[in-house]
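**Q** below are the sequence and a predicted model for it; my questions follow.
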Amino acid sequence: MPTCVGAIVAFFFGAAWYGGLSKAWMKAAKVTPEEAKMGPVLFVVTFVTALGISFGIGAVLATLGISNSIPSAMIVTAFIWLFLTLFPLNLNHRYQGASFALTLIDGFYWLAVFQIAALSHVLMGGAPKFLG
C-alpha cells in the first residue's frame, strides 16, 4: 500500500510541478507547445515509473533498517537523488547542450518524488512486504 500511495502522490505532484513550470520547462527544454503534446501512454509510463521508484525507495529504506525514521529516510533519499540522479542528469544535460534551468526543474522534481516515496513508506509503516 505505501508503494501505491507514494506513486499516486508523486504522479499528482508531477502534474502540479510541471503544470506550474510548464512555460519555464518548455523554454529550458527548447520544446514548443505543439511538441509538448501528452497522451495516455505517457501518463501510464509516468505512473509505472513512479510505482517503480516508490517500491525501490521502500526497499532501500527497509534494507538499511530505517523505514521508521523520517529524518533518516529524507537524508538517504537526498543522497540517492544527489549521487544517482542529479549528477547523471546534469552530465546528460551538459552533453545534450541543455540549459541548467532544465537540470534544476527536472532534478528537483526527482528529489520531490524520492522524498514523497520515502514519506509514504515511513508514515504508512512499510517496506515492500517481501522485504520484511
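**A** Yes, it's here. Numbering: from 1, shown residues only.
**Q** shaky segments in this protein?
**A** The chain contains residues with pLDDT under 70 at 126-132.
**Q** so which elements touch the helix or strand hosting Ala118?
**A** Ala118 is part of helix 100-123, with elements assigned from DSSP states H and E. Here helix 100-123 touches helix 2-20, helix 22-29, helix 40-64, helix 70-81, helix 87-96, going by 3 or more CB pairs under 8 Å, 6 or more residues apart in numbering; DSSP states H and E. All C-beta spots, glycine's among them, are computed from the backbone N, C-alpha and C.
**Q** helix, strand, or coil at the residue at the greatest distance from the centre of the chain?
**A** For the chain, the largest distance from the centre (CA atoms, centre = their mean) belongs to Glu34, which lies 25.3 Å off. Assigned by DSSP: H, G, I helix; E, B strand; the rest coil, the conformation of Glu34 is coil.
**Q** now do the one 3 residues further on
**A** Applying three-state DSSP to Lys37 yields a three-state assignment of coil.
**Q** okay, now it: neighbour count?
**A** 7 (other CB atoms under 10 Å).
**Q** for Leu91, same thing?
**A** Leu91 - counted by other CB under 10 Å - has 11 other residues nearby.
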